[in-house]
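Participant: generate coordinates for the sequence data below:
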Amino acid sequence: MTDGAKETLKYYLGYQVIMQALDIMVDFTGTAEDGLAYALKYVGLPAWLAEPASRAIVFFLL
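Facilitator: Predicted structure coming up:
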């Protein structure tokens, strides 16, 4: 494995650990999903589509 790949892996794993800790401590993912779903509904997206879309967005970003 190259040095650049090792550094990228360390950065990614560190990020994942921090995000998991936040999620456990303050339900960060749930709060982000709820807020995003509300915003999507506010701009006119139906609820049946806003909620899965918000989960997908949060999954890929966090």
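
Participant: stretch 17-31: how far from the chain's middle?
Facilitator: Distance of stretch 17-31 from the chain centroid (Cα atoms, centre = their mean, to the nearest Å) equals 9 Å.

Participant: same check, this time on stretch 8-17
Facilitator: 15 Å.

Participant: tell me the buried residues in it?
Facilitator: For stretch 8-17, burial by neighbour count (16 or more other Cβ atoms under 10 Å) applies to no residue. Any C-beta I mention is one placed from the backbone N, CA and C, and that applies to glycine too.

Participant: for stretch 48-62, same thing?
Facilitator: Of the residues in stretch 48-62, those with enough neighbours to count as buried (16+ other Cβ under 10 Å) are 50-51, 54-55, 58.

Participant: tell me the one of those residues nearest Lys6?
Facilitator: Val58 (28.0 Å; Cβ to Cβ).

Participant: among the buried residues of stretch 48-62, which one lies nearest to Leu22?
Facilitator: Using Cβ to Cβ as the measure, the one of the buried residues of stretch 48-62 that approaches Leu22 most closely is Val58, at 12.2 Å.

Participant: run a quick check on that closest one versus Gly35, I expect a contact.
Facilitator: No - Val58 is not in contact with Gly35 according to Cβ atoms under 8 Å; the separation is 9.6 Å.

Participant: point out the other helices and strands that the helix or strand of the chain with the lowest mean pLDDT packs with.
Facilitator: Comparing helices and strands within the chain by mean pLDDT, DSSP states H and E singles out helix 3-26 as the least confident, with a mean of 83. Counting contacts by 3 or more Cβ pairs under 8 Å, 6 or more residues apart in numbering; DSSP states H and E, helix 3-26 packs against helix 28-42.

Participant: what packs against the helix it packs on?
Facilitator: The helices and strands touching helix 28-42, judged by 3+ Cβ pairs under 8 Å, 6+ apart, are helix 3-26, helix 47-61.

Participant: which residues touch it?
Facilitator: Contacts of helix 28-42 with the rest of the structure, by Cβ atoms under 8 Å, 6 or more residues apart in numbering, involve 19, 22-23, 47, 49-51, 53-55, 57-58, 62.
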